[in-house]
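Q: Got a sequence here, can you build the structure:
(2 chains)
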Protein chains: 2
Amino acid sequence: MLISTQNASTTNTAAPEQRRGIVIDGLQYSAWSEDIFRQMHAGGVTAVHVTIAYHENTRETLTRFGEWNQRFEQWPHLIRPVYEPRDILRAKAEGRVGIIFGAQNCSPVEDEIRLIEVMRRLGLMIMQLTYNNQSLMACGCYEENDAGLTRFGKQAVREMNRVGMVIDMSHSAERSTLEAIAHSEQPVIISHANPSSFHPALRNKSNKVLDAIAANEGLLGFSLYPFHLPGGPACTLDTFCDMVAWTADRMGIDRIGLGSDLCQQQPQQVLEWMRNGKWSKTMDYGEGNAGNAGWPDALSWFHDNRDFPGIASALRAKGFNDTETDKIMGGNWLDLLTRVAGTEKNQPTTSATCAA
Amino acid sequence: MLISTQNASTTNTAAPEQRRGIVIDGLQYSAWSEDIFRQMHAGGVTAVHVTIAYHENTRETLTRFGEWNQRFEQWPHLIRPVYEPRDILRAKAEGRVGIIFGAQNCSPVEDEIRLIEVMRRLGLMIMQLTYNNQSLMACGCYEENDAGLTRFGKQAVREMNRVGMVIDMSHSAERSTLEAIAHSEQPVIISHANPSSFHPALRNKSNKVLDAIAANEGLLGFSLYPFHLPGGPACTLDTFCDMVAWTADRMGIDRIGLGSDLCQQQPQQVLEWMRNGKWSKTMDYGEGNAGNAGWPDALSWFHDNRDFPGIASALRAKGFNDTETDKIMGGNWLDLLTRVAGTEKNQPTTSATCAA
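A: As a prediction, this is how the structure comes out:
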């Protein structure tokens, strides 16, 4: 992997005082409503990375953007779009929650390299190269055989680097993940997954992947999806904090954050659509199985966005100081996005606003 | 028509000294190349409104944006995108030509009202409601019967007002044009056409339309497409300047500009595609006919972008002073775009850049 001097410098990152009190959740896909946005406010959430596409093609992704625009028009006092990382700080200053757009699959760009820049302009800041299955770019974590990055995938990685779109390998297989990190000139992230050593889910990540993400100055967002945690819904907050502490020791305090994978008030059909898209005629159960096909029960200590302060308290009780806790709760996400998706890479307009 | 106080004020417009020496062509659709961009520089052109869609649907329009991104990447020293009107001033300061994106038809938004804002975010600053034929929004100028704005068209006009997308009725029929002006809360334009009283082409505009555009504080861009001029390719520069002078008297010196309709180095197939799209199995000849089916010969005094200084000189010779000539050559275009497509309406991000 090639870490440019730009990434290594701190000039591009938010000052420490700007990171104070920033809470960023690195993955949610809920049945969005005013109630949910108000819960974000109640939980002190600064910004949320929301999924706008699982299997949507280019055209369908535009409809998803249109639906978000409708929400911004309807609740302008509660939420605002995040087109560039600095919009997260603006959101905080305005008392609104910033909405960071991401895709869990490369389907929004179909087979067209130039659509990466087009989607970035629309606001897509984060994109996974695969969602469980083989994609045109790489291999997903549920496939039996992982042949690594494809020809298109290699070009896409560099194009994402160029336009400031963050590469997310949460649902990718190991070889593809390591090759993406090696091929990328920018840090790569796992927005929502946990260390396999704590729970051997197919979606969780080996120490080899964690180490590569850390060396690459990327980020791991801890998942609160019960299927990704030891004990499932019974996993305690204390166990979760032990996992955070272990990972902080291994990857470094600057390389970890949250990626709750919160899917609030979504019906069973949405879960089935996530898992099956249009590719399967027979039911695929993802991390579940035929006898356990539904949404998992929620954790007792994480039902919705109002539960973030409790996690911050538990991290402090586990021994993280305030600065470290701030980093985990959102500061590291802000820093990562600022380094990788910063304005100067992709928005010729906004970067010159003050000069004109 | 409702002219908001926002439009009537001058606080939103470029200062007179910023308009000096600005040259904006209000319509071109050429086979884009480095040669053509260099000709723009040689002709002192500040910005050009380029067509990115005639019949393209939503998905196809994204490919057009991708093709433009490729040109920006290939020739960053020659051209830059114009996402907001102030980018035109930035282009001038940088010594690059600004590319203003427009569609000659409403096909890029298909039947989805929310795609207007999505396309505006991508950079689409100007959109015609129709291209010659009936569209989902209004009636085109080649139809026999014009039933005016459709239900969708009325909603689209207000949505375009809201997001700062300029309504262009160049290829629309008269009733639809007048209804769009009446229904719009913002000025409406004719980016490229001439007064019918000088040449009765189906594409040219009646005095009634010119008066409504003027009262609405819109803009008429004079076409240099020979089929739109008296005498066709034989039309003299002096006759053209007479037309400009007559129109300035009728509409006001602030309501006129250029919209050359320059289609450089395009093969016959492109002309046929413009005229026939996918809607006709038999050849439609537009302003031509079966015996005159090709591109018209060029005017002797306007072959390409290098000929704009000659037009400015001829306008001065006709009696326009320097300030008036500047307005016609580009100042009025800058002013119109600033009033209708200004940042504060559609770009929550950029408007706050300096404050963050």
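Q: give me the element residue A:296 is part of.
A: Assigned by DSSP states H and E, residue A:296 belongs to no helix or strand.
Q: so what's residue A:79 up against?
A: Residues near residue A:79 by CB atoms under 8 Å, 6 or more residues apart in numbering or on different chains: A:37, A:71-72, A:96-99. No exception for glycine: its C-beta is placed from N, CA and C like everyone else's.
Q: Out of the residues you listed, which sit inside helices?
A: A:37, A:71-72 (DSSP state H).
Q: Who wins on neighbours among those residues?
A: residue A:37 (23 neighbours; other CB atoms under 10 Å in any protein chain shown).
Q: Per-residue pLDDT of that residue, please?
A: With respect to pLDDT, residue A:37 scores 98.
Q: Disregarding flanking residues, what is the spatial nearest neighbour of it?
A: residue A:78 (4.3 Å; CB to CB, 6 or more residues apart in numbering or on different chains).
Q: looking only at pLDDT, what's the mean for stretch A:104-114?
A: The average pLDDT for stretch A:104-114 rounds to 98.
Q: mind checking the SS state of residue A:160?
A: helix (DSSP: H, G, I helix; E, B strand; the rest coil).
Q: What residues does it make contact with?
A: For residue A:160, the contacting residues are A:116, A:127, A:166-167, A:184, A:186, by CB under 8 Å, 6+ apart.
Q: Which of the residues you listed sits closest to chain B?
A: Set against chain B, the nearest of these by CB to the nearest CB is residue A:116 (8.9 Å).
Q: Okay, and the closest one sits in which element?
A: helix A:115-122.
Q: sorry, back to before: can you pick the most crowded of the contacts of residue A:160?
A: In terms of neighbours by other CB under 10 Å, the contacts of residue A:160 top out with residue A:186 at 29 neighbours.
Q: per-residue pLDDT, it?
A: 98.
Q: right, and it touches residue A:341 too?
A: No - applying CB atoms under 8 Å, one finds residue A:186 not in contact with residue A:341, separated by 9.1 Å.
Q: can you list residues touching both of these two?
A: Joint contacts of residue A:186 and residue A:341 (CB under 8 Å, 6+ apart) are residue A:166.
Q: mind listing the strands for the stretch 151-300 of chain A?
A: Remark: strands assigned in the stretch 151-300 of chain A by DSSP state E, counting those that start in this stretch are A:166-168, A:189-190, A:219-222, A:256-258.
Q: For those, give me CSV that also has distance to chain B and mean pLDDT.
A: Formatted as CSV, the strands of the stretch 151-300 of chain A follow (distance: least, CB to the nearest CB, whole Å; pLDDT from 0 to 100):
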stretch, distance to chain B, mean pLDDT
strand A:166-168, 18, 98
strand A:189-190, 22, 98
strand A:219-222, 23, 98
strand A:256-258, 22, 98
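Q: Dump those strands to CSV, plus distance to residue B:304.
A: Shown next, in CSV, are those (distance: least, CB to CB, whole Å):
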stretch, distance to residue B:304
strand A:166-168, 43
strand A:189-190, 48
strand A:219-222, 51
strand A:256-258, 54
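Q: At the contact with chain B, which residues of the stretch 51-200 of chain A appear?
A: Residues of the stretch 51-200 of chain A found near chain B (CB under 8 Å from any CB of the partner chain) are A:58-59, A:62-63, A:65-67, A:69-70, A:80-81, A:83-84, A:86-87, A:89-90, A:93, A:112, A:114-115, A:117-118, A:121-123.
Q: Which among the residues you listed count as buried?
A: A:58-59, A:62, A:65-66, A:69, A:80-81, A:83-84, A:86-87, A:89-90, A:114-115, A:117-118, A:121-123 (16 or more other CB atoms under 10 Å in any protein chain shown).
Q: To which secondary structure element type does residue A:52 belong?
A: Classification of residue A:52 using three-state DSSP returns strand.
Q: how about it, what does it touch?
A: Residue A:52 neighbours (CB under 8 Å, 6+ apart): A:61, A:64-65, A:68, A:101-103, A:108, A:124.
Q: Tell me which of those fall in strands.
A: Among the contacts of residue A:52, the members found in strands (DSSP state E) are A:101-103, A:124.
Q: Mind picking the two most distant members of those?
A: Farthest-apart pair in the ones in strands among the contacts of residue A:52 is A:101 and A:103; separation 7.8 Å (CB to CB).
Q: Quickly list what's touching both of these two.
A: Common contact partners of residue A:101 and residue A:103 (CB under 8 Å, 6+ apart): A:52, A:124, A:126.
Q: pLDDT for the residues you listed - can I get that in JSON lines?
A: Listed next are the shared contacts of residue A:101 and residue A:103 as JSON lines, based on pLDDT from 0 to 100:
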{"residue": "A:52", "pLDDT": "97"}
{"residue": "A:124", "pLDDT": "98"}
{"residue": "A:126", "pLDDT": "98"}
